[in-house]
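**Q** Have a look; sequence and predicted model below, questions after that.
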Protein chains: 2
Amino acid sequence: MDVYNAIKNRRSIRKYRSTPIPEEKLKNILNAARLAPSAKNLQPWKFIIVRDEEIKRKLIPACNNQKFIAEAPIIIAGCALEDECFTYMGGYTSSYPVDLGIAVTHLTLAAASEGLGTCWIGSFKEEKVKEVLGIPNNVRVVGLTPVGYPDEKPERRPRKNPDEIVCYDKYK
Amino acid sequence: MDVYNAIKNRRSIRKYRSTPIPEEKLKNILNAARLAPSAKNLQPWKFIIVRDEEIKRKLIPACNNQKFIAEAPIIIAGCALEDECFTYMGGYTSSYPVDLGIAVTHLTLAAASEGLGTCWIGSFKEEKVKEVLGIPNNVRVVGLTPVGYPDEKPERRPRKNPDEIVCYDKYK
């Protein structure tokens, strides 16, 4: 699928069919994440593919009771290896949230082009997710997403106008 | 261009032609950023399009003397409205670095599909960039990228193997 169509057609999907995801499609979207750029090409990421029904169910309370996540055949947790990232981005911060933002975006757009739905989950309790998935101390959970065939066709949500978000040469 | 081709063909470009970017292409890539998802759809972003030659030159020292950035006809600074983002992502952090990571990734993939090169700049001094671009206190600079027609064809850089970055059901 064309990049612009993937960008325009992608929606945050909160209703999924239980139909399994073909292995080939899963492999393709994970490879899209793998090819993402990252600060100093450090690739400080790990993707946990949760398919086990019981573990998926345990993620519901860890994700502030968003029950729909467990309807999807898989949930992917995007994790960051905090000790392996560039720690001085902009001279003030660690690169890992941006690195994961890039990689998961590759994955979500690839998924859209495969006819699969995703939904960034930012509302979760990191400590609980780490407990459920056995994630060590020095690894951060940046975001999760269910992945599966959509069972809804939501309208596009509103966006700011271009002139609100773009300016030229100086901040305005 | 197909999503997977954009992902596979995108490179970090460090050599640019001075050829101007057609307005239509610039509009398209900014619109790709505009359509990005963000935590709670807050869209906490502002993109500064730097075209002025003198301002571009002033960004060089602010970006730790990466001279190539000013060769490109434009440099885009991806900024975050810190007060307008979701402040409790994962229960522990602000969403803006991830939000900007998503939006700038839409832009870089759209650029690749337009035949334009980009290069995430994470090595910069935020305070200096803010001074050059007149960015207020409560706005963060998350990353910059030059945008222009590539004047090099770099090889793909190495990536980790899939089995290093993917695991199933539990962290491994």
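**A** Nice, thanks for sending it over.
**Q** all contacts plus neighbour counts: C-alpha atoms, from now on.
**A** OK.
**Q** what helix or strand is A:N137 on?
**A** Using DSSP states H and E, A:N137 is not contained in any helix or strand.
**Q** Can you report how many residues neighbour it?
**A** Look at A:N137: counted by other C-alpha atoms under 10 Å in any protein chain shown, it has 10 neighbours.
**Q** what sits against it?
**A** Applying C-alpha atoms under 8 Å, 6 or more residues apart in numbering or on different chains, we find A:N137 in contact with no residue.
**Q** Phi, psi for it please.
**A** phi -60, psi -40 (degrees, to the nearest 10).
**Q** For chain A, just list every one of the helices.
**A** Assigned by DSSP state H, the helices in chain A fall at A:3-9, A:23-34, A:53-62, A:96-113, A:126-133, A:162-165.
**Q** what angle do the second one and helix A:96-113 make?
**A** Yep, that's helix A:23-34 we're talking about. 150 degrees (axes from the mean of the first three to the mean of the last three C-alpha atoms, to 10 degrees).
**Q** Quick check: mean pLDDT of helix A:23-34?
**A** For helix A:23-34, mean pLDDT is 98.
**Q** So in chain A, which strand runs the longest?
**A** As assigned by DSSP state E, the longest strand anywhere in chain A is strand A:139-148.
**Q** what about the spatially most central residue of chain A, distance to A:R34?
**A** Among the residues of chain A, the one closest to the centroid is A:V104, at 4.2 Å (C-alpha atoms, centre = their mean). Separation of A:V104 from A:R34 (C-alpha to C-alpha, to the nearest Å): 9 Å.
**Q** quick one: low-confidence parts of chain A?
**A** Within chain A, the set of residues satisfying pLDDT under 70 is empty.
**Q** re earlier: by contact count, what packs against the longest strand of chain A?
**A** Applying 3 or more C-alpha pairs under 8 Å, 6 or more residues apart in numbering or on different chains; DSSP states H and E, one finds that strand A:139-148 contacts strand A:74-81, helix A:96-113, strand A:117-118, helix A:126-133.
**Q** Check whether the shortest one comes near chain B.
**A** No - judged by C-alpha under 8 Å from any C-alpha of the partner chain, strand A:117-118 and chain B are separated, with a smallest distance of 11.2 Å.
**Q** try stretch A:52-61
**A** Yes - using C-alpha under 8 Å from any C-alpha, we find that stretch A:52-61 touches chain B at A:52, A:55.
**Q** Report the buried residues of that stretch.
**A** By 16 or more other C-alpha atoms under 10 Å in any protein chain shown, the buried positions in stretch A:52-61 come out as A:55-60.
**Q** likewise stretch A:159-172?
**A** Buried residues in stretch A:159-172 (16+ other C-alpha under 10 Å): A:165-167, A:169-171.
**Q** quick one: which of the buried residues of stretch A:52-61 is nearest chain B?
**A** A:I55 (7.1 Å; C-alpha to the nearest C-alpha).
**Q** List the residues that contact the closest one.
**A** Residues near A:I55 by C-alpha under 8 Å, 6+ apart: A:132-133, B:169.
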